[in-house]
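S.K.: Quick one: sequence and predicted model below, then my questions.
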Amino acid sequence: MQVKPLADRVLIKSLEVGEQKKGDIIIPDTAKEKPQQGEVVEVGSGRMTDDGKQVAMEVKKGDKVLYGKYSGTEVTVDDVDYLIMRESDILAVIG
């Protein structure tokens with residue numbers, strides 16, 4: 001199934017940060033921090049201004065981005081977890 005975000009929304013697949021272990025302490029998944037970076041999978045067409053003009057998206061498919069810890073809405077499509085968020089919730093594009 002293909003998901004196409006609307007307006008200024010972006011579909012992002014979270015990039016899992018490698019598991020770090022110190023000593024023999026195992027941290028359960030529920031206590032781990034959510035990843036704050038991901039890859040843009042799909043972008044909407046852009047937002048509309050009050051006078052009816054469409055503003056182009058700054059991010060594009062394939063960009064690696066940083067976003068806020070609690071940004072977006074989690075969705076699962078074909079057993080893959082994604083985030084849908086507004087472009088304004090994206091903090092930076094990683095070079």
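M.R.: Cool, got the structure.

S.K.: Okay, now the unreliable bits of the protein?
M.R.: Low-confidence segments of the chain, defined by pLDDT under 70: 17-23, 26-35.

S.K.: Show me the beta-bridge partners of the residue nearest the centre of it.
M.R.: Geometric centre of the chain, nearest residue: residue 12, 3.4 Å, by C-alpha atoms, centre = their mean. In this entry, residue 12 is beta-bridged to residue 40, residue 83, by DSSP bridges.

S.K.: Distance check, it against residue 85.
M.R.: 7 Å (C-beta to C-beta, to the nearest Å). The way it works is simple: take the backbone N, C-alpha and C, and place the C-beta from them, glycine included.

S.K.: For residue 5, see how far away residue 93 is.
M.R.: If you measure residue 93 against residue 5 using C-beta to C-beta, the figure is 17 Å.

S.K.: is it true that residue 57 touches residue 9?
M.R.: No - here residue 57 lies out of contact with residue 9, judged by C-beta atoms under 8 Å, at a distance of 9.6 Å.

S.K.: Mutual contacts of these two, please.
M.R.: 44, 87 (C-beta atoms under 8 Å, 6 or more residues apart in numbering).

S.K.: quick one: contacts for residue 40?
M.R.: 10, 11, 12, 59, 60, 61, 62, 63, 64, 65.
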